[in-house]
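> coordinates only, sequence not included:
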């Protein structure tokens, strides 16, 4: 409940930083899911799949660094009078900030998963005009 109150009372710049973490997490998650989809669709091309997975390391590291930077610069971690008396000192406020940033990352990952599943046609059964076959699995025949 405290994390929600700190999030709602945050300035717009803080909210934009959290949205950037969500967007970066969504992009990285979609990239990782696409790599996994390629590896599952092309089991004979394991060297190519490993190379694609290696290329995912840079965006993953950048997303983790951005999330860490956002959690450290969160103004909700500054000591406030009265919070230390109820056991919310600087260390616990930093834990609340880290939890909020982690929730932003999880939200981005869930959005990436939903978009990925929708593009494949696994959610509704109807992908975006056959994008599944041109974008996610180019070497597979069209279904009947």
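Received, thanks. Just so we're clear, the structure is a prediction, and the values are computed from it rather than from any experiment.

> wait, residue 23 sits on residue 108?
Yes - at 6.5 Å, residue 23 counts as touching residue 108 under the criterion of C-beta atoms under 8 Å. (Glycine included, C-beta is placed from N, CA and C.)

> tell me which strands and helices whichever strand or helix holds residue 24 is in contact with?
Per DSSP states H and E: residue 24 is located in helix 12-41. Helix 12-41 sits against helix 46-55, helix 57-72, helix 90-120, with contacts defined as 3 or more C-beta pairs under 8 Å, 6 or more residues apart in numbering; DSSP states H and E.

> Where does the prediction get shaky in the chain?
Within the chain, the ranges that satisfy pLDDT under 70 run 1-10, 75-91, 122-144.

> Mind doing that once more with 50?
1-2, 142, 144 (pLDDT under 50).

> any chance of the helices and strands packed on helix 12-41 in TSV, with mean neighbour count too?
Shown next, in TSV, are the helices and strands packed on helix 12-41 (neighbours: other C-beta atoms under 10 Å):
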stretch	mean neighbour count
helix 46-55	12
helix 57-72	15
helix 90-120	17
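
> So which of those is nearest residue 12?
When the helices and strands packed on helix 12-41 are compared by C-beta to C-beta, helix 57-72 sits nearest residue 12, at 14.2 Å.

> what packs against the closest one?
helix 12-41, helix 90-120.

> quick one, which of the ones you listed is nearest to residue 51?
The closest of the helices and strands packed on helix 57-72 to residue 51 is helix 12-41. By C-beta to C-beta, the value is 9.7 Å.

> angle of that closest one against helix 90-120?
Orientation check (axes from the mean of the first three to the mean of the last three C-alpha atoms, to 10 degrees): helix 12-41 against helix 90-120 gives 50 degrees.

> Now do helix 12-41 against helix 46-55, angle only.
Relative orientation of helix 12-41 versus helix 46-55 (the same axes, to 10 degrees): 170 degrees.

> can you tell me which residues contact residue 70?
By C-beta atoms under 8 Å, 6 or more residues apart in numbering, the residues touching residue 70 are 17-18, 20-21, 101, 104.
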